[in-house]
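K.L.:
next come a sequence and a model predicted from it.
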Amino acid sequence: MEEKIQALLQEVSAYSVTDKPGLESFRIKFISKKGALGDLFEELKQVPVEQKKSVGKSLNELKQAAEQKFSELSELIASASTSGDTGLDLTLPPVDNKVGNLHPLTQTRLRIIEIFERLGFNVADGPEIEDDWHNFSALNFPENHPAREMQDTFFIEKNPDILLRTHTSNVQIRMMEKQKPPIRAIMPGRVYRNEAISARAHCFFHQVEGLYVDKNVGFADLKQTLYHFAKEMYGKDIKIRFRPSYFPFTEPSAEIDITCLICKGKGCNVCKYAGWVEIAGSGMVHPNVLKSCNIDPDEYTGFAFGMGIERVTMLRYQINDLRLFAENDVRFLRQFQSVT
Ligand SMILES: [Zn+2]
């Protein structure tokens, strides 16, 4: 009898059903009064007294195992019947998991930061709502400079002037006011100009400026830093050139061009057949700017540069319309999914 119990125990543990009729036949076969258990309890009465204890124990184990199996199978069938009705087809391919991607401007900003951080530049931040001193006066803007006029600047208040910053140079001033040289930092951020929106201009855009002030900082340092940046950003075959220019806050000043990435310098409509495209403005920090921030221009010198992140991104991916960056059209944005 013991053998019979063990055989049934195995049968119970291996039993599997997928529907309610199957479950019912399990119940009839094992648990019901006329089932295997009922028969065995009947047989137990015939077992000699000295074996009754051990056989009875085994039989109870079988009973428990069968009952447990029954409740497990009932649960399984109940859950299968609720999910089965939803028409779930496990053979279908999985639903595409839509992972977003960083905005192309963010990707470019992170890349710029990465390049300058390796040269020892910190990343600095400052307010977008600024006063006249930090946005204009401390930067050696003459009182009558056209950038101060209403058509270029969004003024929030007049007298005293509060405005939306027109460049990230305000962060340079705030750094120099607070910190003694050496100062070596880049300032990425959003800036605002009161301009009509077109393929080449927007009322807000992003800049990265850089500032390095220390003893004996010269124009050669500026050139080498930006040359390194251009090679890292656009590839090592890139050529760079400096064109003399004018900014109130630097002296001497230079605009920086790189070889046109589209025509490789041969001339095309993007570079207006010049073979060069402008990427940044730069120069040695004007002594008046250093004085405004209580830094002695006889002891310290510095260079500064600034570039538009939109411009860098447009060159990097050959995008021809500035407005695309702010339109949030996913058909445009999805194209940068695999870039990072
Ligand atoms: Zn070109």
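P.N.:
Received the coordinates, thanks.

K.L.:
could you pull up the residues touching the closest residue to Ala138 other than its chain neighbours?
P.N.:
Using Cβ to Cβ, 6 or more residues apart in numbering and skipping the chain neighbours, the partner closest in space to Ala138 is Ser292 (4.1 Å). In short, each C-beta sits where N, CA and C put it, glycine included. Ser292 is in contact with 137-140, 173, counting by Cβ atoms under 8 Å, 6 or more residues apart in numbering.

K.L.:
pick out the most distant pair among those residues.
P.N.:
Asn140 and Ile173 (10.5 Å; Cβ to Cβ).

K.L.:
neighbour count winner among the two?
P.N.:
Ile173 (23 against 20; other Cβ atoms under 10 Å).

K.L.:
circling back to that earlier point, overlap in contacts of Asn140 and Ile173?
P.N.:
Shared contacts of Asn140 and Ile173, defined by Cβ under 8 Å, 6+ apart, are found at 289, 292.

K.L.:
what about the residue of the stretch 1-150 of the chain found nearest the ion, which helix or strand?
P.N.:
Of all residues in the stretch 1-150 of the chain, Thr108 sits closest to the ion, at 20.1 Å by Cβ to the ion. Assigned by DSSP states H and E, Thr108 falls within helix 104-118.

K.L.:
list the contacts for the residue lying closest to Glu299 once chain neighbours are set aside?
P.N.:
Leaving aside its chain neighbours, Glu299 sits nearest to Lys215 (6.6 Å; criterion: Cβ to Cβ, 6+ apart). Neighbouring residues of Lys215 by Cβ under 8 Å, 6+ apart: 181-182, 299-301.

K.L.:
of those, closest to the ion?
P.N.:
The ion has its nearest neighbour among these in Thr301, at 35.2 Å by Cβ to the ion.

K.L.:
TSV for the contacts of Ser292, including pLDDT, distance to the ion and secondary structure?
P.N.:
Compiled in TSV, the contacts of Ser292 are given as follows (pLDDT from 0 to 100; distance: Cβ to the ion, whole Å; DSSP: H, G, I helix; E, B strand; the rest coil):
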residue	pLDDT	distance to the ion	secondary structure
Ser137	87	39	helix
Ala138	88	38	helix
Leu139	86	33	helix
Asn140	87	34	coil
Ile173	92	36	helix
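
K.L.:
need those residues in TSV (columns: distance to Lys98).
P.N.:
Shown next, in TSV, are the contacts of Ser292 (distance: Cβ to Cβ, whole Å):
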residue	distance to Lys98
Ser137	49
Ala138	47
Leu139	45
Asn140	50
Ile173	43
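
K.L.:
report the beta-bridge partner residues of Gln207.
P.N.:
Using DSSP bridges, the bridge partners assigned to Gln207 are Gly189, Gly308.

K.L.:
verify the stated contact: it with Met307.
P.N.:
Yes: using Cβ atoms under 8 Å, Gln207 makes contact with Met307 at a distance of 6.8 Å.

K.L.:
I'd like the mean pLDDT over stretch 46-60, please.
P.N.:
Averaging pLDDT along stretch 46-60 gives 85.

K.L.:
now do the buried residues in that stretch.
P.N.:
With burial defined by 16 or more other Cβ atoms under 10 Å, the residues of stretch 46-60 counted as buried are 47, 55, 58-59.

K.L.:
stretch 311-319 too?
P.N.:
Within stretch 311-319, judged by 16+ other Cβ under 10 Å, the buried ones are 311-316.

K.L.:
and what of stretch 115-130?
P.N.:
115-116, 121, 124, 126, 130.

K.L.:
could you dump the residues you listed to CSV with distance to Gln64 and pLDDT?
P.N.:
Conversion of those to CSV gives the following (distance: Cβ to Cβ, whole Å; pLDDT from 0 to 100):
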residue, distance to Gln64, pLDDT
Ile115, 71, 95
Phe116, 72, 95
Phe121, 73, 95
Ala124, 72, 93
Gly126, 74, 92
Glu130, 79, 93
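
K.L.:
that's a strand at Gln172, yeah?
P.N.:
No: under the criterion used here (DSSP: H, G, I helix; E, B strand; the rest coil), Gln172 is helix, not part of a strand.

K.L.:
so it sits against Glu209, correct?
P.N.:
Yes: here Gln172 reaches Glu209: they are 6.3 Å apart, a contact under Cβ under 8 Å.
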